[in-house]
Each structure stands twice: as structure tokens, then as C-alpha cells.
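In: after the sequence you'll find the predicted model.
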Amino acid sequence: MNTVPILNIKQFDQEETQLNFYSNILSRHLRKNEKIIHKAHKHDFYLCVLFMKGTGIHEIDFNTYSIKPGSVFFLKPGQVHSWLFKSPPEGFIFFHTQEFYNFYFSSKSLSQFPFYYSYKNPPNLHLKTTELEVLENRFKEINNESNTNYVYKNQKIASLINLTYIDLSRIYSTEIKPRKVISSTYLETLEALEILIEKFYRKEKSALFYANKLNITTKHLNRITKSSLNKTTTELISERVILEAKRLLIHSKNTLSIVSETLGYEDYAYFSRVFKLKTKSTPQEFKKQF
């Protein structure tokens, strides 16, 4: 099946790549990796990018965001993104795997940070001038450290990344007003639910299936999702299905019927009705928009 390419860290310039972490000056990153990032793609890692100069648009899972000096973007594994620049960008970019973070912070989780907590929280932030000065130095320090061979190099990089996420989370929580976790138990359940939906959404679209997998009642699972995300479990499943449908319709060369079958709908007419109910357009109409 032709679909969106999934990039991993090993595909990027080896001189700037080390195990499960990568950092670079943004202009150099874009120039050296142009062949693999020039069109829409996914990653299997977490990405954070800071723009110091440049303008344009950044499309993430069919949502469009403006790029300007002070823009910060956060991407979780699996999100589809592409960018179009109107003026040359400058800044810093780093990415790392889940394993890299967990190795140094085994008692913490990346989902503690609001921009990684939920796909429902915006993946971007705009820094004020004073905030930008502080964070620019932090990103620069991460990049400089990545180019050294000092002892405890990776430990320092991990610590700097964690501090960066903490500072960005403080700003994010003030500016964005993200949805917050009600309790650590709810967070663990939501994380587990997200993993299960990602694994089974093509075949399983019943809230009961996921509740059984989590060993809780459907009612309690809905209580968790509603209080945390203001969505029912069924809505979360449906949104994931529709997102993948959009990805396949635009980024693959598959026929409409194959897209329908891939997502677990043997009857294309039924799939088309479901899609239109959620998007206000048929799959064919949606495809023509791009």
C-alpha cells in the first residue's frame, strides 16, 4: 500500500545522529535532509523545533499553523506533517525516541508535558521576546553539547531536554490553557487507551472492546475520557479512524474502496456515510480539495 513514509533517526545525517537522539541547526537540517523531508511524512520519534527567523505554514494532520520567529512545534510519533516556507527559516531542531527519555527518566513520562499529553492539545506555541531569548540559549546548548565528546554527554543532553520541556510547559499551560489530567490514574488509563486505539482502530470500533482490554467498565472509561478530554471513548475511536482516512485519501494512491477496506469497512457506501457525518464531505469530495 502506498502511504505516508515513516522516518526514523537512523535515516538522518549520521554525523549528527547518535543512537536515539538528534540535534541540528534548522537550516542545516533542512538542507542536508531535503530528499527525505521535502514531502509529507511521519516520524517514529518525538520532535521539537524552534524558529528564530522565517515565515511559512506548518501542516500537522490537516491542521495548518503559521510559522514565524518564536514559533515552537512539538510532534509525537505517528503524526503527519509538512511545511512550506515563505522566507528562509533559522532556528534549532532536536528529536529523540521514547527510549532515550525513559532511560534517563525512568520514573517520569513524556505525557506529563501538556503538548505530549494528548493529541487534542495544540502542537505549537509562540514565545514572547524575553522567553525566546532564554529558550534560544537552551536549544543552542543542546545542539552544542550534541557535537562534543565530553563525559556524561547524553546525561547532560537528557537533562537539558527535560528542563526545556519544563520551561515550555510552564509557558504552554499559561498561554494555551490545555486540557489537564484529573489524576495520575486517569493519565495512565488514557495512555493505555491511546495505545490500544492505535493498535486496533482499523478492526475494533466498539468502546466495549477497549474497556474490556483495560479491565474497566465502559461507563468508567467514558467518565475518564469525558472528564479529561471532553470526548466519549467512541468519539476518540472515530476521530482516529477519520484521521487515518484523511491521510490515506490524500497521501496514498489507493482507490476509495481500498481505503474503506483498510479501515475495516467492507461496504464503501457505509464508510462514505460515516466519513461525511464527521467531515461534512464525502471521501471523494474531500480528496478533490487537495
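Out: Thanks, I have the structure now. As the structure is a prediction and not an experimental result, all values here were calculated from the model. Numbers count the residues shown, from 1 in each chain.
In: for the spatially closest residue to residue 233 that is not a sequence neighbour, list the residues it contacts.
Out: Residue nearest to residue 233 in three dimensions, not counting chain neighbours: residue 207, with 3.9 Å by CB to CB, 6 or more residues apart in numbering. No exception for glycine: its C-beta is placed from N, CA and C like everyone else's. Residues counted as contacts of residue 207 (CB atoms under 8 Å, 6 or more residues apart in numbering) are 218, 221, 222, 232, 233, 234, 237.
In: so which of those belong to helices?
Out: Residues of those located in helices (DSSP state H): 218, 221, 222, 233, 234, 237.
In: related to what we said a few turns ago, if I look at the residue nearest to residue 233, how far off is residue 197?
Out: Using CB to CB, to the nearest Å, residue 207 is found at 10 Å from residue 197.
In: list residues touching both of the two?
Out: residue 237.
In: can I get the ones in helices among the contacts of residue 207 in JSON lines including neighbour count and distance to residue 150?
Out: What follows is these, written out as JSON lines (neighbours: other CB atoms under 10 Å; distance: CB to CB, whole Å):
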{"residue": "218", "neighbour count": "18", "distance to residue 150": "53"}
{"residue": "221", "neighbour count": "23", "distance to residue 150": "48"}
{"residue": "222", "neighbour count": "18", "distance to residue 150": "51"}
{"residue": "233", "neighbour count": "24", "distance to residue 150": "48"}
{"residue": "234", "neighbour count": "16", "distance to residue 150": "51"}
{"residue": "237", "neighbour count": "22", "distance to residue 150": "47"}
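In: any chance of the contacts of residue 207 in TSV, with pLDDT too?
Out: Formatted as TSV, the contacts of residue 207 follow (pLDDT from 0 to 100):
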residue	pLDDT
218	97
221	97
222	96
232	96
233	97
234	97
237	97
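In: and for the longest helix anywhere in the chain, what's in contact with it?
Out: Determined from DSSP H, the single longest helix within the chain is helix 153-175. Residues from elsewhere that reach helix 153-175 (CB under 8 Å, 6+ apart): 18-19, 21, 23, 48, 72, 74, 94, 96, 100-101, 103-105, 108, 110, 113-115, 125-127, 131, 134-135, 138-139, 141-142, 145-146, 150, 178.
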